[in-house]
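Trainee: I'd like to go over a predicted model; first the sequence, then the structure.
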Amino acid sequence: MEILEVPEIPPIPKNNQDIPGFNNVAHNEKLKETAKLVKPGSKALEVGTAWGRSTWSLLDDLPSPFEIHVVDPFTHLEGGKMRHYEGCMKKHSDNMCQRYALKIFVEQGQRACWDWGVPQHPRFNSEQIIVHAMLSQKFREIEDNEWGLVYLDGDHSYPNVSAELGKWADCPIICGDDYHPVHKGVVKAIDEFLAKHPDREFWYDTPESGSGFFRILK
């Protein structure tokens, strides 16, 4: 597949669906709904941003003032650029924002794509957004913050998700992606966490929705 033509004048993203991403509309609506539960003045942690769709959703609905810390090495999509491009364009070739963003991704890399899209959010310059270009494992070793919300959508392996849940167990709102039978490691890690914390309120989207969204409230 060749790179599709894009307009000479860059389009302006209007909503999270104008930003490339793997999570569907249902997932992002639940993320936005969950963001509204965060207390004003809190810090939110996003582990795994890809091209920035979930970051955009958090920017939509976190109560002001807030601070978002985004953790992503910005390298894990580099090995399959055209595969990712073709997968997105099969579904969204009519979306000029996604076309433009993914052309940047193919030609300049994942971080350049994120840097093009997310900073165009209307709230980007009015709130604090801090990017940590590193793996979750490394970030867990160096950070010691009190989070109002943690969103997990990085390495979906059982050991990594277990470690993330253990590290941020005291967070009042833990949410994320891929609580779905296809991702057995994620399901196992979350189920074990809930068994250790039976007082937590747990909700997840139905497998049929294709959302994979889950939420754990303390």
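Mentor: In hand now; what should we look at?
Trainee: From now on I want contacts and neighbour counts done on CA atoms only, so please keep to that.
Mentor: OK.
Trainee: chain center to the helix or strand encompassing residue 98, what's the gap?
Mentor: For residue 98, the enclosing helix or strand under DSSP states H and E is helix 96-108. Offset of helix 96-108 from its chain centre (C-alpha atoms, centre = their mean, to the nearest Å): 18 Å.
Trainee: continuing past it, what's the next helix or strand?
Mentor: Next along from helix 96-108, by DSSP H and E: helix 110-117.
Trainee: what's the angle from that following helix to helix 96-108?
Mentor: Counting by axes from the mean of the first three to the mean of the last three C-alpha atoms, to 10 degrees, helix 110-117 lies at 150 degrees to helix 96-108.
Trainee: Show me what helix 110-117 is packed up against.
Mentor: Other elements packing on helix 110-117 under the criterion 3 or more C-alpha pairs under 8 Å, 6 or more residues apart in numbering; DSSP states H and E are helix 96-108.
Trainee: What lies in contact with the helix it packs on?
Mentor: With C-alpha atoms under 8 Å, 6 or more residues apart in numbering as the test, helix 96-108 has contacts from 3-7, 10-13, 18-20, 81-82, 85, 89, 92-93, 111-113, 116-117.
Trainee: Show me what the lowest-mean-pLDDT helix or strand in the chain is packed up against.
Mentor: Sorting the helices and strands of the chain by mean pLDDT, DSSP states H and E puts helix 81-92 at the bottom, at a mean of 90. On a contact count with 3+ C-alpha pairs under 8 Å, 6+ apart, helix 81-92 meets helix 96-108.
Trainee: buried residues in the helix it packs on?
Mentor: Residues of helix 96-108 classed as buried: 96-106 (neighbour count, 16 or more other C-alpha atoms under 10 Å).
Trainee: Looking at that helix now, give me its mean pLDDT.
Mentor: Here helix 96-108 scores 96 as its mean pLDDT.
Trainee: same question, stretch 131-138
Mentor: 96.
Trainee: And stretch 177-184, by the same measure?
Mentor: Stretch 177-184 shows a mean pLDDT of 96 in the predicted model.
Trainee: Check stretch 2-12 too.
Mentor: Confidence over stretch 2-12 (mean pLDDT, whole number) is 90.
Trainee: quick check, distance from that stretch to the centre of its chain.
Mentor: Stretch 2-12 sits 24 Å away from the centroid of its parent chain (C-alpha atoms, centre = their mean).
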